[in-house]
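Colleague: with the sequence up front, the predicted model follows.
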Amino acid sequence: MTGDRMLVAGEVEPAEATRHVQVAFGGAPGTRTFLRRQRVAYPFHLCRALYLPGDPPEFCTVYIQSCSGGIFQGDRLGMSLAAGADACAHVTTAASTIVHSMESDHAEQHVSIRADARAIVEYLPDPLILFPRARLSNVLSIVADPSATVIACDSFLAHDPRGADEPFAALRAETRLETMTGETIALDRFEVSGEEIGARQVGIHGPYTMQASLWVVHAHAPDEVLAALRSVLPDAGSVYAGASLLPGGCGAWMRALSSDSVALRRLVRDAWAAARRVVTGSAPGPRRK
Amino acid sequence: MSDLSGAMALLQLGDSFFPSGAASFSWGLETLRAEGHLARAGDVEAFLAGQIRLRWATFDRPVVLASHRAHGDLEVVAAVDREADAATLAREAREGGRRIGAALLRVHAGLGTPGAASYRDRVASGHAPGQLAAVQGLAGFGCGLSESATCALSAYGVGVAIVSAALRVGLLGHLDGQRILSRCRPLAVEVAAGPPAGIESLHAYTPMAEIAMMRHEVGTGRLFAN
């Protein structure tokens, strides 16, 4: 990792005060999921709970917005999303998140998701846009009951607003899935620089400049989830994608590379919709962005 | 172990004649070749260099070393092994690592390498996954190899697996293969110069190869196990 050292996962345990967003969803079978508790601090804003047409009536959709214009040098952002038993929540952002240029230091973002028995949590933020010299540690921790479902995505692309193709400095990303007792089931951790992506090396990024992943934790029917994800993967074209079973039969995941942000976004949306069909029996309704 | 004895042990364990089963894995190369992403010897060299820099150096090597440094404590080896297994998310990579690890354990158990038979029992009873890198560290220590020699075996194994897969799918000839292995040697030495990542910060970034292995699960090319 270039520049100053980024913290490893075990060290990124945001204190209560740095959890800028703390949201707890409550629910019961056959009833609307509700915001049981919320605590939101700058730079975030939480929109009111929405119940969108096309979603099962239990499903609560919440948008998280940032008032600051993105992630800046020195930011230490924490977000905690907890769904109680039988709660069904969809959390997303209103737009992509710009990770701004940094002259020193780095930024950190830690999102933790907890899904209790039979809960469904979807966390589908728009992509991170990494500006030149941006340096970010982005951690997603998922703790799920074996009967719960979590669908989460992460994606990034590099962009130089001056058009000079100056690369971002570093992205360190970690997605960790744990049982309620703290046992790690699946872990994805990588560190990459914009320079590395620009090298277009076969086996790493090849000709592609963007990456996206979708995680579907659904131990009830991992093979069905995998088949659903595979049903939307393109065989050829501007996206190179694959899907596979997660360790321990806890679900399935998809990873995709592309240089076409529209096509990549469409694939993530289609994969999410296919997974949702397996989980609830119907595709999600459209979301406005 | 004397220099000569150590060198002979290394030759024996690293020889393709040693029945490890590693030659049946391509680590994504078969699919990348079939889909037109690899077309010539230079591509194979670039592919191997990427695997060495962005996977072996930051993931396999730390696992090998942590397992070797367990000094035969099988609980520690199993903890390292489980972390490596959980962090290998493409199914054919995970299962491939387990299969080669199991084959290696079987051979070492048969040879009486200290720790191998007991660890094989753990794997058989489901208490450890038996990932290749963890088994390499355990077996290297059991055979009396140094940390450095055990890492060399591991890096060489990655090189030979990829080069031999490339040979079999017609991407290069034997001489090209040896040139690539020679040129990747200083790279492995360079990336192994620093202290290894701790087990708590294992990381790898080879998404294109990972996706290729995922696509291989349903692909038509099945010469290799991944």
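Modeller: Done, it's in. Residues are numbered from 1 along each chain as shown, chains lettered A, B, ... in the order given.

Colleague: so where is the chain shaky, pLDDT-wise?
Modeller: Picked chain A for this. Applying pLDDT under 70 to chain A flags the ranges A:1-18.

Colleague: correction: the question concerned chain B.
Modeller: B:1, B:21-22, B:221.

Colleague: OK, contacts around the residue in it that chain A sits nearest to?
Modeller: Closest contact between chain B and chain A, by C-beta to the nearest C-beta, is at residue B:214 (2.8 Å). Placement of C-beta: from N, CA and C, glycine included. The contact partners of residue B:214, by C-beta atoms under 8 Å, 6 or more residues apart in numbering or on different chains, come to A:242-244, A:255, B:90-92.

Colleague: now the strand or helix carrying it: how far from the chain's centre is it?
Modeller: Using DSSP states H and E, residue B:214 falls within helix B:207-216. Counting by C-alpha atoms, centre = their mean, to the nearest Å, helix B:207-216 is centred 17 Å from the centre of its parent chain.

Colleague: just stretch A:233-251 next, same as before
Modeller: The answer for stretch A:233-251 is 16 Å, by C-alpha atoms, centre = their mean.

Colleague: likewise stretch A:192-211?
Modeller: With C-alpha atoms, centre = their mean, you get 20 Å for stretch A:192-211.

Colleague: try stretch B:186-201
Modeller: Taking the mean of its C-alpha atoms, stretch B:186-201 sits 15 Å from the chain's own mean (C-alpha atoms, centre = their mean).

Colleague: do that stretch and chain A meet at all?
Modeller: Yes: interface with chain A: stretch B:186-201 contributes B:198, B:200-201 (C-beta under 8 Å from any C-beta of the partner chain).

Colleague: and the two most separated of the contacts of residue B:214?
Modeller: Based on C-beta to C-beta, the longest span within these runs between A:255 and B:92 and measures 13.6 Å.

Colleague: who has more neighbours, these two?
Modeller: residue B:92 (25 against 22; other C-beta atoms under 10 Å in any protein chain shown).

Colleague: what about that one, helix or strand, and which?
Modeller: Per DSSP H and E, residue B:92 falls inside helix B:91-111.

Colleague: contacts for that helix, please.
Modeller: Contacts for helix B:91-111 (C-beta under 8 Å, 6+ apart): A:244-245, A:247, B:18-22, B:25, B:27, B:84-85, B:88, B:116-117, B:119-120, B:123, B:129-136, B:139, B:142-143, B:210, B:213-214, B:216-217, B:225-226.

Colleague: just stretch A:182-189 next, same as before
Modeller: A:9, A:172-179, A:213, A:215, A:246-248, A:250, A:253, B:82-83, B:86-87, B:89, B:201-204.

Colleague: drop anything exposed from those residues.
Modeller: A:9, A:172-178, A:213, A:215, A:246-248, A:250, A:253, B:82-83, B:86-87, B:89, B:201-204 (16 or more other C-beta atoms under 10 Å in any protein chain shown).

Colleague: restricted to helices, list those.
Modeller: Secondary structure defined by DSSP state H assigns B:82-83, B:86 of those to helices.

Colleague: check those residues against chain A, which are close?
Modeller: Answer for those near chain A (C-beta under 8 Å from any C-beta): B:82-83, B:86.

Colleague: closest to residue B:154 among the residues you listed?
Modeller: Among those, residue B:83 lies closest to residue B:154 (C-beta to C-beta), at 16.5 Å.

Colleague: I'd guessed that closest one sits against residue B:199; true?
Modeller: Yes: here residue B:83 reaches residue B:199: they are 5.4 Å apart, a contact under C-beta atoms under 8 Å.

Colleague: overlap in contacts, the two.
Modeller: residue B:63.

Colleague: how about the residues of the stretch 101-250 of chain A by chain B?
Modeller: Counting by C-beta under 8 Å from any C-beta, the stretch 101-250 of chain A comes close to chain B at A:172, A:184-192, A:196, A:201-206, A:208, A:211, A:230, A:240-247.

Colleague: ok, now with 6 Å
Modeller: Neighbours of chain B within the stretch 101-250 of chain A, by C-beta under 6 Å from any C-beta of the partner chain: A:184, A:186-192, A:201-204, A:206, A:211, A:240, A:242-245, A:247.

Colleague: with distance to residue A:31 added, can I get the ones next to chain A among the ones in helices among the buried ones among the contacts of stretch A:182-189 in JSON lines?
Modeller: Shown next, in JSON lines, are those (distance: C-beta to C-beta, whole Å):
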{"residue": "B:82", "distance to residue A:31": "40"}
{"residue": "B:83", "distance to residue A:31": "41"}
{"residue": "B:86", "distance to residue A:31": "36"}
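
Colleague: now, which of those residues sits nearest residue A:113?
Modeller: Taking C-beta to C-beta as the measure, residue A:113 lies nearest residue B:86 of these, at 17.6 Å.

Colleague: give me the neighbour count for the closest residue to residue A:72 other than its chain neighbours.
Modeller: Once flanking residues are discounted, residue A:72 sits nearest to residue A:100: 5.1 Å by C-beta to C-beta, 6 or more residues apart in numbering or on different chains. For residue A:100, the count of nearby residues is 19 (other C-beta under 10 Å).

Colleague: contacts only, for residue A:100.
Modeller: Going by C-beta atoms under 6 Å, 6 or more residues apart in numbering or on different chains, residue A:100 touches A:70, A:72, A:131.

Colleague: and residue B:29, its phi and psi?
Modeller: When read as degrees, to the nearest 10, the backbone of residue B:29 gives phi -60, psi -40.

Colleague: shouldn't it be in contact with residue B:165?
Modeller: Yes: applying C-beta atoms under 6 Å as the test, residue B:29 and residue B:165 come out as touching, 4.8 Å apart.

Colleague: which of those two has more residues huddled nearby?
Modeller: Higher neighbour count among residue B:29 and residue B:165: residue B:29, with 33 against 24, using other C-beta under 10 Å.

Colleague: which strands and helices lie in contact with the top helix by length along chain A?
Modeller: Ranked by number of residues, the top helix in chain A under DSSP H is helix A:261-280. Using 3 or more C-beta pairs under 6 Å, 6 or more residues apart in numbering or on different chains; DSSP states H and E as the contact test, the elements touching helix A:261-280 are strand A:149-158, strand A:210-218, helix A:222-231, strand A:251-258.

Colleague: so what secondary structure elements neighbour the first one?
Modeller: The contact analysis (3+ C-beta pairs under 6 Å, 6+ apart) places strand A:149-158 against strand A:120-124, strand A:128-130, strand A:210-218, helix A:261-280.

Colleague: how about the second one?
Modeller: Applying 3+ C-beta pairs under 6 Å, 6+ apart, one finds that strand A:210-218 contacts strand A:149-158, strand A:251-258, helix A:261-280.

Colleague: check what contacts it and list those residues.
Modeller: So strand A:210-218 is contacted by A:144, A:149-155, A:157, A:225, A:250-258, A:264, A:268, A:271, A:275, B:207 (C-beta under 6 Å, 6+ apart).

Colleague: between that strand and strand A:149-158, how big is the angle?
Modeller: For strand A:210-218 and strand A:149-158, the angle between their directions (axes from the mean of the first three to the mean of the last three C-alpha atoms, to 10 degrees) works out to 170 degrees.

Colleague: ok, residue B:199 touching residue B:64?
Modeller: No: Residue B:199 is beyond contact range of residue B:64, at 11.2 Å (criterion: C-beta under 6 Å).

Colleague: more neighbours: these two, which one.
Modeller: residue B:64 (29 against 18).

Colleague: pretty sure that one contacts residue B:136?
Modeller: Yes: Residue B:64 is within contact range of residue B:136, at 5.2 Å (criterion: C-beta under 6 Å).

Colleague: so what sits against both of those two?
Modeller: Contacts common to residue B:64 and residue B:136, judged by C-beta under 6 Å, 6+ apart, are residue B:154.

Colleague: quick one: the residue of chain B most remote from its centre from residue B:150, how far?
Modeller: Note on chain B: the largest C-alpha distance from the chain mean falls to residue B:2, namely 26.0 Å (C-alpha atoms, centre = their mean). For residue B:2, the distance to residue B:150 equals 17 Å [C-beta to C-beta, to the nearest Å].

Colleague: having no further points to raise, I will conclude here.
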